[in-house]
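*Asks:* everything below, folded, please.
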Amino acid sequence: MRFTVLGPVRAWRADAELELGPPKQRALLALLLVRAGQPVALSEIVDVLWAQDPPSTAVNVVHRHVGSVRRLLEPGLTARAEGSRLVRSSGGYRLNADPDALDLLRFRRLSESARRTAAEGEPERGAELFAQALALWQGPTATGVPSDIQAHPVFSGVDRELLAVAKEAATTALASAVPERLPTVLQQFAAHHTLDETLQAQLIRVLATTGRRAEALEVFSSARNRLADQLGVAPGPELRAAHREVVPRSTPAPAEPVQPTPPATPPAPAVRPAQLPPDLPAFSGRHSELAGIHALLPEGSGIASPAPLVISAIDGMAGIGKTALAVHWAHRIAHRFPDGQLYANLRGFDPTGSMMSPNEALRGFLHALGIPPSRVPTGLDAKTALYRSLLAGRRMLVLLDNVVDSQHVRPLLPGSSGCLTIVTSRNQLHGLIAGEGARPLTLGPLSPAESHEALVRRLGTDRVAAEPQAVATIIRLCGRLPLALAVVAARAATRPSFPLSSVAAELHESQGNLDAFAGADPSTDARSVFSWSYRALEPEAARLFRLLALHPGPEVSTAAAASLAGLPLRVTRALLAALTRAHLLVEQDPGRYTFHDLLRAYAMELVQDHEAEEIRQDARHRMFDHYLHTARTAATRLTPHRTEPLPVSPARPDAAPEHLGGQERAAAWLSTERRVLLSVVEHARDHGFPTHAWQLAVTLELFLDRLGRWQEQTAIQRTALGAARALSDRLGQAHSHRTLGFAEGRLGRYEEAHGHLERALELFTELGERAGQARTLRALAFLANCQGRSQEALDHYRPALGHYVGLDHISGQASVLNEIGWTHILLGEYEHALARCREAVELHRRIGDASGEAAALDSVGYAYHHLGRYEHALTSYGRALAIYREISDRYLEADTLHHQGDTRLAQGDVATALTDWRRALEILQELNHPDARVLDGKLGQYRQSPHPASALSR
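*Replies:* Sure thing, here's the model as predicted:
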């Protein structure tokens with residue numbers, strides 16, 4: 001058998017090429033080939049083949065495709081035979097392939113041989129081996145599988161590996177002699193990575209070295225034009241330097257400091273985004289506001305104001321029409337901004353609480369402006385700089401909706417005078433008004449005439465004109481609020497045979513039932529407005545609307561709503577769509593819904609009035625089961641070898657916990673649901689489910705610890721401890737004391753931490769819970785190390801190790817050995833540390849615990865560093881980083897980058913050390929992790945010191 005995956009996915013038996021079957025089956029084979037010789041978990045297969053939306057039959061489909069692939073590879077197999085090529089392994093499957101029979105394995109073997117040969121003093125031979133390896137490449141990895149699957153990191157990671165080797169090959173060749181075939185191979189790679197300036201620069205140098213100067217200059221010219229056309233930027237220093245090396249001496253190179261005079265009309269960007277939401281067809285009124293803001297623009301087709309114009313729309317209650325006005329005006333003036341329009345809802349005052357960060361908004365804008373994901377910078381400042389560069393000299397309109405404050409929006413303001421920025425917010429943005437010259441605008445209710453116009457637009461002139469008194473009553477009872485008018489008009493429009501006087505009468509009769517909206521003016525009572533939409537619902541949709549009030553918020557997913565209602569997902573989706581169409585819910589993000597605050601209050605009154613306490617408690621039970629069991633699944637996915645799942649009761653059969661996929665999906669679920677989960681812990685305690693409260697809090701421990709959310713951790717663990725005490729649940733108290741004690745220790749509150757941990761150890765010992773004793777002893781050892789008592793820490797670690805040995809818990813043993821090694825580092829006993837940490841690496845590797853292996857490798861690197869064996873340290877750090885990137889553990893990637901930077905500095909390589917630290921800092925800042933402050937302080941020493949190396953080593 002022969003296989004290729006570096007390009008089209010193909011397979012041959014002898015000289016006959018095989019038909020690989022349907023797209024999903026071909027994709028499964030591609031995945032197994034990319035991971036040849038390694039077990040691929042069933043959950044990972046599902047994640048790759050279906051991403052975020054696997055069908056309920058996904059596992060069965062995988063098994064069916066596995067059987068087909070087995071028989072394809074070994075035609076004589078019976079239906080249930082195991083075979084020798086595709087075998088079960090570690091809860092998944094492993095494809096056994098001869099290294100000479102798979103192009104990816106041959107590529108890796110040749111690349112490693114090239115690397116080793118060059119390092120041993122034969123760079124010419126090394127370059128030739130690199131060329132042989134790269135010649136195996138036939139295009140993007142796994143070509144021929146569906147594009148959404150091909151984009152998965154398991155395949156794009158191979159493409160990145162190939163690109164890195166191409167660059168390494170060029171570097172090696174330029175230091176010796178360029179193999180004949182290498183320029184052609186590099187040209188092929190460069191054609192697929194046209195915006196990679198490093199690769200383009202290396203190709204220029206390789207072509208010039210082989211006497212193909214004209215082609216080299218053409219590469220530079222093409223690269224320069226692409227950068228200008230697609231990104232609106234000039235070549236970077238690396239590309240310019242390559243050009244200077246190649247250009248004939250008699251031809252003067254472009255003078256870098258001199259910037260060309262910009263043309264009178266800047267060139268149009270390659271991409272003209274048109275992101276404005278649709279204009280509201282029934283928009284009406286706001287005539288004076290529109291006239292006022294329109295007058296701020298100069299006459300003519302363009303803008304000549306010296307600074308971006310910012311309009312702040314504030315001081316109106318929800319539903320007052322800020323966004324509708326901004327979008328309507330933006331559509332009216334869009335023609336004056338021929339280079340496009342950008343839009344982002346920053347969710348600053350959204351009931352979900354999931355505010356969009358400037359980082360996230362800029363990422364979306366850069367994508368809209370044609371920047372591929374691989375070219376988007378990591379840090380906020382770098383994103384802002386690129387964004388403003390792309391907008392410089394352009395005439396673009398930017399609409400930033402639902403901003404929380406001036407700081408929230410500043411990174412998103414263009415720097416070009418040709419751009420208009422419209423901002424909406426519930427607060428007056430005093431900082432923008434004072435600092436950036438923003439023009440404020442406050443919206444109030446519609447005038448009576450505008451309210452009348454709004455009803456005409458929705459119900460028609462004849463129907464409104466026929467009942468002027470009823471129309472006046474509706475306007476008055478709706479308080480002239482656009483949202484209220486829209487809801488009532490939508491209800492009336494669905495009942496065209498009903499006279500408007502009946503609508504007005506029922507609105508009048510229902511006044512005074514929504515106390516939260518009661519005020520001095522009866523016309524501001526909106527309960528009647530909401531009731532019209534509610535009464536039009538089918539019974540199942542009305543029931544779901546009521547039950548959703550029992551959810552703690554700030555937003556609810558489709559799956560959680562299904563559990564709450566005890567309904568299938570398919571039915572729940574349809575009901576949520578009906579509630580959204582009736583303006584009773586907002587789909588904030590795909591599959592995630594939120595109430596308007598006032599509608600939540602209305603739904604709560606309904607559920608209390610219409611559902612018995614037993615019904616409400618059943619719904620809550622299903623909801624709490626959903627979050628507890630899904631969180632437990634997610635925690636196990638993230639740390640499959642190191643989590644000791646709590647024994648919890650099975651979920652109710654009418655609940656629908658999510659199964660999730662691999663680690664990335666589990667982490668994404670926890671991140672998305674974090675605020676909801678914190679609310680659920682308290683909600684469970686307050687509504688008669690204390691067991692769910694403490695078990696969910698303990699389940700979230702490792703996730704919150706990794707994020708550095710220690711204040712949140714202590715808050716929910718105190719809630720958990722109170723819940724366990726109310727139950728007289730000694731196991732719950734033990735776990736809660738342990739997790740609370742560890743979190744208090746993270747915050748430096750050592751006395752409180754010791755009290756909780758000692759009590760936890762006492763309870764676990766009484767209960768005979770050896771795993772709990774081991775984890776508590778490790779936490780006590782951590783505290784001892786934090787307080788400089790490392791010998792005492794070792795006294796705690798030794799019995800912890802004994803417990804894990806007695807339980808045959810290999811990952812626990814490995815973790816304790818690593819922690820013992822770290823303690824020896826703190827004691828300055830680096831050889832002892834190295835021995836323990838190496839043992840940990842081997843144990844973690846034996847059971848396939850990638851995260852644990854990487855953590856131990858980081859410790860090995862740290863020990864080598866302190867022994868002065870810097871190259872060994874860098875090798876260990878490199879292996880740890882490769883694992884962390886593969887499993888997408890960004891926090892520990894940053895931690896290892898920090899350590900690697902320290903080693904670079906010790907070698908005297910200040911520039912590379914700073915690069916590592918900056919990359920680590922960018923990750924920590926994106927995670928909003930408290931460790932970012934420490935690293936920023938270290939970099940600050942460099943910025944302030946005239947002798948950086950000495951400053952940083954202090």
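*Asks:* from here on, contacts and neighbour counts on C-alpha atoms
*Replies:* Will do.
*Asks:* thought Thr198 was touching Glu238?
*Replies:* Yes. Assessed by Cα atoms under 8 Å, Thr198 is found in contact with Glu238 at 6.6 Å.
*Asks:* okay, and the common contacts of these two?
*Replies:* The overlap between the contact sets of Thr198 and Glu238 (Cα atoms under 8 Å, 6 or more residues apart in numbering) is empty.
*Asks:* now the residue nearest the centre of the chain, what's its secondary structure?
*Replies:* With distances taken as Cα atoms, centre = their mean, Ala668 lies nearest the centre of the chain, 6.4 Å away. Secondary structure, DSSP: H, G, I helix; E, B strand; the rest coil: Ala668 is helix.
*Asks:* if I look at it, how far off is Phe703?
*Replies:* As for Ala668, its distance to Phe703 is 11 Å (criterion: Cα to Cα, to the nearest Å).
*Asks:* which strands and helices lie in contact with the lengthiest helix in the chain?
*Replies:* What stands out as the longest helix in the chain, according to DSSP state H, is helix 613-638. Secondary-structure packing of helix 613-638 (3 or more Cα pairs under 8 Å, 6 or more residues apart in numbering; DSSP states H and E): helix 558-565, helix 663-686, helix 690-699.
*Asks:* just give me the lowest mean pLDDT stretch among those.
*Replies:* With a mean of 91, helix 663-686 has the lowest mean pLDDT of these.
*Asks:* hang on, the earlier thing: what mean pLDDT does the longest helix of the chain get?
*Replies:* The model assigns helix 613-638 a mean pLDDT of 94.
*Asks:* quick check: mean pLDDT of stretch 290-298?
*Replies:* 78.
*Asks:* hmm, I was thinking of stretch 327-340
*Replies:* Mean predicted lDDT for stretch 327-340 stands at 89.
*Asks:* what's the answer for stretch 22-36, then?
*Replies:* For stretch 22-36, the per-residue pLDDT averages 91.
*Asks:* next: stretch 147-158.
*Replies:* 83.
*Asks:* tell me how far it lies from the chain's centre.
*Replies:* How far stretch 147-158 lies from its chain's middle: 17 Å, per Cα atoms, centre = their mean, to the nearest Å.
*Asks:* same for the helix or strand harbouring Ile883, what does it pack against?
*Replies:* Per DSSP states H and E, Ile883 falls inside helix 870-886. Packing partners of helix 870-886 (3+ Cα pairs under 8 Å, 6+ apart): helix 850-866, helix 890-906.
*Asks:* try 6 Å
*Replies:* Applying 3 or more Cα pairs under 6 Å, 6 or more residues apart in numbering; DSSP states H and E, we find helix 870-886 packed against helix 850-866.
*Asks:* which residues does the helix it packs on contact?
*Replies:* Asn818, Tyr830, Leu834, Cys837, Val841, His844, Arg845, Ala873, Ser876, Tyr877, Ala880 (Cα atoms under 6 Å, 6 or more residues apart in numbering).
*Asks:* show me how far that helix is from its chain's centre.
*Replies:* On Cα atoms, centre = their mean, the centre of helix 850-866 falls 27 Å from the chain's centre.
*Asks:* I'd like the average pLDDT over that helix.
*Replies:* So the average pLDDT for helix 850-866 ends up being 94.
*Asks:* how many degrees apart are that helix and helix 613-638 in direction?
*Replies:* 50 degrees (axes from the mean of the first three to the mean of the last three Cα atoms, to 10 degrees).
*Asks:* name the nearest residue to His929, sequence neighbours excluded.
*Replies:* Gly708 (5.6 Å; Cα to Cα, 6 or more residues apart in numbering).
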